[in-house]
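Engineer: Would you be able to build a 3D model of this:
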Amino acid sequence: MEKIQELAELLLPEGILEYFEYAGYERKGKEESQPYGEVTIILVEKNVVPKLPGEYRDRKIRQKGFKEIRVDDFPVRGKKVKLLLKRRVWQIEGIEELYKREILTTYPGTKLEKEFAAFLKGGD
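Structural biologist: Residues are numbered from 1 along each chain as shown. Next up, the predicted model:
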């Protein structure tokens with residue numbers, strides 16, 4: 001598992017393993033619509049309770065499941081690469097709205113990983 005962690009640190013967006021843990025991958029073969037295939041890397045948000053706003057700090061909070069986000073990343077060896085991020089959602093006692101940690105995973109206005117969006121845009 002240590003070797004997989006090292007490889008994940010090399011291939012995944014910088015800093016993402018601070019918030020997520022590697023959970024596996026899925027491969028799709030070559031198809032007419034995807035002639036080189038596709039790899040989806042699955043990452044699950046670490047089980048860390050988010051910092052609550054001041055008005056809610058005295059209330060109980062519990063995990064209410066996951067929200068999945070798919071993000072396009074750099075291709076690897078001609079294969080399309082997607083990140084499947086399983087974000088934890090939480091419920092604060094007495095509040096109907098679900099709450100999650102603030103983690104910026106995509107470039108604003110896109111479903112692209114930040115570095116990949118900058119690369120495509122020609123920026124730094």
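Engineer: can you tell me the average pLDDT over stretch 5-21?
Structural biologist: Taken as a whole, stretch 5-21 carries a mean pLDDT of 82.
Engineer: That one: end-to-end distance?
Structural biologist: Stretch 5-21 has an end-to-end distance of 9 Å (criterion: C-alpha to C-alpha, to the nearest Å).
Engineer: Now the residue most central in space within the chain: closest residue in space that isn't a chain neighbour?
Structural biologist: Nearest residue to the geometric centre of the chain (C-alpha atoms, centre = their mean): residue 85, 3.1 Å. Of all residues not flanking residue 85 in the chain, residue 69 sits nearest, at 4.5 Å (C-beta to C-beta, 6 or more residues apart in numbering). For every residue, glycine as well, the C-beta is placed using N, CA and C.
Engineer: In a strand, that neighbour, correct?
Structural biologist: Yes: assessed with DSSP: H, G, I helix; E, B strand; the rest coil, residue 69 lies in a strand.
Engineer: any idea how far the residue nearest to the centre of the chain is from residue 60?
Structural biologist: 26 Å (C-beta to C-beta, to the nearest Å).
Engineer: Over to residue 100?
Structural biologist: Residue 100 is 17 Å from residue 60, by C-beta to C-beta.
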